[in-house]
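K.L.:
No sequence on hand, only this structure:
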């Protein structure tokens, strides 16, 4: 599967108006979570140069307090606007053991990003309303599609972006990881 996404900088007031807008269009609220993303360095390859990502995400659901974890590999970005990349992801039942395995294999934590995320979903579309520690408020719109349908997915993202013009969004081409690294320089 291919993840096609676009990230938008938003003011907090605009982000606060989105749940009602999405609800009126049939999107279902799925999760209010506190996410911690740990990004890893490969022992023999420079992920920063190849623009690949290995991430261990821990999510604490703010409604019921449960925690889950996901290990994600993201391939190189192939889009001029937003992101379009291969994404392979699976659940991890024991994040501490996963960290230990990565450590034994020579992977080292390179960066950490923390955020509060509200997720809304309809069909293959996901809207993520994010407040990222040290960076501010963002909206991510994601589509998952087969690689052969990537161009249609990009067109759909452009149409969704046009619908959100009332937010006066600013497209943010960088990932949260890139923004966090830039803020720390």
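P.N.:
All right, it came through fine. All values reported here derive from a predicted model rather than from experimental measurement. Residues are numbered from 1 along each chain as shown.
K.L.:
is the most centrally placed residue in the chain in a bridge, and if so with what?
P.N.:
The chain has residue 140 as the residue nearest its centroid, 6.9 Å off, counting by Cα atoms, centre = their mean. Legend: beta-bridge partners of residue 140 under DSSP bridges are residue 7, residue 128.
K.L.:
distance of it from residue 125?
P.N.:
The gap separating residue 140 from residue 125 is 11 Å, by Cβ to Cβ, to the nearest Å. Just so you know, the C-beta spots here come from the backbone N, C-alpha and C atoms, and that holds for glycine as well.
K.L.:
Repeat that for residue 9.
P.N.:
Residue 9 is 20 Å from residue 125, where distance means Cβ to Cβ.
K.L.:
one step back: my guess is the residue nearest to the centre of the chain meets residue 128, correct?
P.N.:
Yes. Counting by Cβ atoms under 8 Å, residue 140 touches residue 128, with 4.2 Å between them.
K.L.:
can you tell me which residues contact residue 36?
P.N.:
Under the criterion of Cβ atoms under 8 Å, 6 or more residues apart in numbering, the contact list for residue 36 reads 57, 58, 112, 113, 114.
K.L.:
can you map out the helices along this protein?
P.N.:
Secondary structure of the chain, counting by DSSP state H: helices at 12-24, 47-50, 95-104, 150-163, 176-184.
K.L.:
helices or strands next to the second one in the packing?
P.N.:
Taking 3 or more Cβ pairs under 8 Å, 6 or more residues apart in numbering; DSSP states H and E as the contact definition, helix 47-50 has no neighbouring helices or strands.
K.L.:
Show me what counts as buried in it.
P.N.:
By neighbour count, and taking 16 or more other Cβ atoms under 10 Å as the criterion, the buried residues in helix 47-50 are 47, 48.
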